[in-house]
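Asker: Just need the structure, nothing else, for what follows:
(one chain, ligands or ions: 1)
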Amino acid sequence: MSGLTRRRFLASSSAAAAGLAAGPWVGKSWAQGGPIKIGVLLPYSGVYAVLGESITQAMELVFAREGGMVAGRKIELIKEDSEAKPPVGVRKADKLIDSDKVDLLTGPVHSGVLAGIRDKVHNTKTILIVSNAGADQISRERCSRWIFRTSFSNWQPCQPMGGWVAKNVAKEVFQIAPNYQAGKDMMAAFRETFLPAGGKVIAEDYPKLGETDYAPFITKIKQSGAKAVFAFFSGSDAVNFVKQYDQFGLKQTIKLTGAGFLTEPDVLPAQGQSALGVITGHFYTPLLDNPVNQRFVREFKEKYNKSTDGFACQGYDTAEVIVRALKGVNGNTQDKMKLVEAIAKVEFDSPRGRFRFDPKTQNVIQPFIYVREVKEVAGGLNNVVIDRIADVRDPGTGCTLPV
Ligand code: PHB
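Answerer: This is a model prediction of the structure:
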């Protein structure tokens, strides 16, 4: 044997011996691997910055509970600010996938960012766990085996509200939302049950995302003859809209209703008394009476000195799904289809109730959509449950696209 061949032989046989000594291949070899890289693509600036903050904080709470490790591998978060702008989000996703070579990707918040990164994620077989953006198309014609959603589809918090508002609030409604995919999805979902219940959409309007002066829109609402409003706004848009709606004196006369994001606890303190009486539909409220939520609310308050909100619940569930799936494959991130199968199977008690994915859409099944009213309870403003609709699944019927 020549020197070179002998050295090669020794190298490979000692590698084999190390493999044997390490026990089952899929067991410890991954456990001894490098960190698991998770790309976190969220807005840390702009209209939706408060959402990005809540999601990240809750993810970090769960990972800290695990000691920052899973299956013997360190969890490394690589955070990128999408600014909730599609071109920025697309650029940052490219960087996370191509340069950082992340094992998993999570985020985004903005439906347009999700729509923009979808093909890249699908074509590179990057596993994406959507922790907010609700674009309905991702549960329907643009679904992918590589994409899961732990948050909601835009349809989910709004479709049940149409019938409820027609029955309990008013039949003449003005619809208003920011002018992009999420706003359009949510308003359409509301109409699906509102119109058959005898409701009439008096008018609809779509201000730009990031509008700061709602006066012209509120004037139109006032003059329209509508008896109620159904709105979607979130982040700083929700603060501005809800405060200006009250300042223009509409709150007393035209009931404000909407998707839950309108009055989540990330914006409630800034809205203050202006939010009192607003009725919204959502899968979560910090008041949910289950032990997992009670612990979550307590630990979140201890660590961050603020209330949980739906976005934090999404961050919690995203991290919980990641931890459980990675444990299920012993930390092996190489066999991506095995990891996809492990993610699809994850089930656990979440702060929102029993968490599981709908196999038809890989979107979360909402145990309940709660109809909530902002009231002053226990010394603060809170979304108090006044009704609920069980087992809300996006109507997507199945991903027919190739893997
Ligand atoms: C979205 O763009 O999908 C979106 C953004 C903020 C929300 C909900 C949905 O609160």
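Asker: Stretch 344-356 - what's its average pLDDT?
Answerer: In this model, stretch 344-356 has an average pLDDT of 98.
Asker: And that stretch, what's buried?
Answerer: Under the neighbour-count criterion of 16 or more other Cβ atoms under 10 Å, stretch 344-356 has 344, 346, 350-353, 355 buried. Bear in mind the C-beta positions are built from the backbone N, C-alpha and C, glycine included.
Asker: low-scoring pLDDT stretches of the chain, where are they?
Answerer: By pLDDT under 70, the low-scoring segments of the chain are 1-32, 400-403.
Asker: Would you mind splitting it into its domains for me?
Answerer: Following automatic domain parsing, the chain resolves into domains at 2-152+289-364, 155-282+368-392.
Asker: The last one close to the ligand?
Answerer: Yes: Domain 155-282+368-392 lies in contact with the ligand when judged by Cβ under 6 Å from any ligand atom; the contacting residues are 182, 234, 261.
Asker: residue contacts, Thr193?
Answerer: 159-164, 166 (Cβ atoms under 8 Å, 6 or more residues apart in numbering).
Asker: same thing but at 7 Å, please
Answerer: Residues near Thr193 by Cβ atoms under 7 Å, 6 or more residues apart in numbering: 159-160, 162-163.
Asker: likewise Asn363?
Answerer: 139, 149, 153, 357, 394, 396.
Asker: bridging residues for it?
Answerer: With DSSP bridges as the criterion, Asn363 is bridged to Arg149, Asp358.
Asker: The ligand versus that one, what's the distance?
Answerer: 13 Å (Cβ to the nearest ligand atom, to the nearest Å).
Asker: before we move on, the earlier item: make CSV out of the contacts of Asn363 and add neighbour count and distance to the ligand.
Answerer: Shown next, in CSV, are the contacts of Asn363 (neighbours: other Cβ atoms under 10 Å; distance: Cβ to the nearest ligand atom, whole Å):
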residue, neighbour count, distance to the ligand
Ser139, 30, 12
Arg149, 28, 10
Ser153, 32, 9
Phe357, 19, 18
Asp394, 26, 13
Gly396, 20, 16
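Asker: how about the residues you listed in CSV, adding distance to Gly89?
Answerer: Formatted as CSV, the contacts of Asn363 follow (distance: Cβ to Cβ, whole Å):
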residue, distance to Gly89
Ser139, 19
Arg149, 16
Ser153, 19
Phe357, 24
Asp394, 22
Gly396, 23
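Asker: Tyr245: which of the residues you listed is nearest?
Answerer: Ser153 (26.5 Å; Cβ to Cβ).
Asker: ok so, going back, taking the buried residues of stretch 344-356 together, which two end up most distant?
Answerer: Across the buried residues of stretch 344-356 (Cβ to Cβ), the longest gap, 21.3 Å, separates Ala344 and Pro351.
Asker: which residues are in contact with stretch 302-322?
Answerer: By Cβ under 7 Å, 6+ apart, stretch 302-322 touches 38, 51, 54-59, 61-63, 104, 106, 129, 131-132, 150-151, 260, 264-266, 282-284, 286, 296-297, 300, 343, 346, 348, 350-352, 355.
Asker: same thing with stretch 56-76?
Answerer: Under Cβ under 7 Å, 6+ apart, the answer for stretch 56-76 is 30-33, 35-38, 40, 42, 299-300, 303-304, 312, 315-316, 318-320, 323, 326-327, 330-331.
Asker: Could you do stretch 34-45 as well?
Answerer: Against stretch 34-45 from outside (Cβ under 7 Å, 6+ apart): 49, 51-52, 55-56, 70, 73-84, 89, 92-93, 96, 100, 102-109, 322, 326, 331, 333.
Asker: Give me the subset of those residues lying in helices.
Answerer: Using DSSP state H, 49, 51-52, 55-56, 89, 92-93, 322, 326 are the members of these that sit in helices.
Asker: rewinding a little: which of the residues of domain 155-282+368-392 next to the ligand ranks first by neighbour count?
Answerer: Top of these by neighbour number is Ser234, holding 31 neighbours under the definition other Cβ atoms under 10 Å.
Asker: My guess is that residue contacts Phe261. True?
Answerer: Yes: the criterion here is Cβ atoms under 7 Å, and Ser234 meets it with Phe261 at 3.9 Å.
Asker: tell me the contacts of the nearest residue to Asn179 once chain neighbours are set aside?
Answerer: Using Cβ to Cβ, 6 or more residues apart in numbering and skipping residues adjacent in sequence, the residue nearest Asn179 is Tyr206, 3.7 Å away. Shown in contact with Tyr206 (Cβ under 7 Å, 6+ apart): 177-179, 183.
Asker: one step back: and of the buried residues of stretch 344-356, the nearest to the ligand?
Answerer: Looking at the buried residues of stretch 344-356 and their distance to the ligand, the nearest is Arg352, at 15.4 Å (Cβ to the nearest ligand atom).
Asker: Can you tell me how far the closest one is from Asn290?
Answerer: To Asn290, Arg352 is 9 Å away according to Cβ to Cβ, to the nearest Å.
Asker: Get me the contact residues on the stretch 1-150 of the chain for the ligand.
Answerer: So the stretch 1-150 of the chain meets the ligand at 48, 109-111, 133-135 (Cβ under 6 Å from any ligand atom).
Asker: Kindly reformat the residues you listed as CSV containing neighbour count.
Answerer: Shown next, in CSV, are these (neighbours: other Cβ atoms under 10 Å):
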residue, neighbour count
Tyr48, 30
Val109, 30
His110, 31
Ser111, 27
Ala133, 28
Gly134, 30
Ala135, 24
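Asker: from those residues, which is closest to Lys255?
Answerer: Using Cβ to Cβ, these come closest to Lys255 at Gly134, 24.1 Å.
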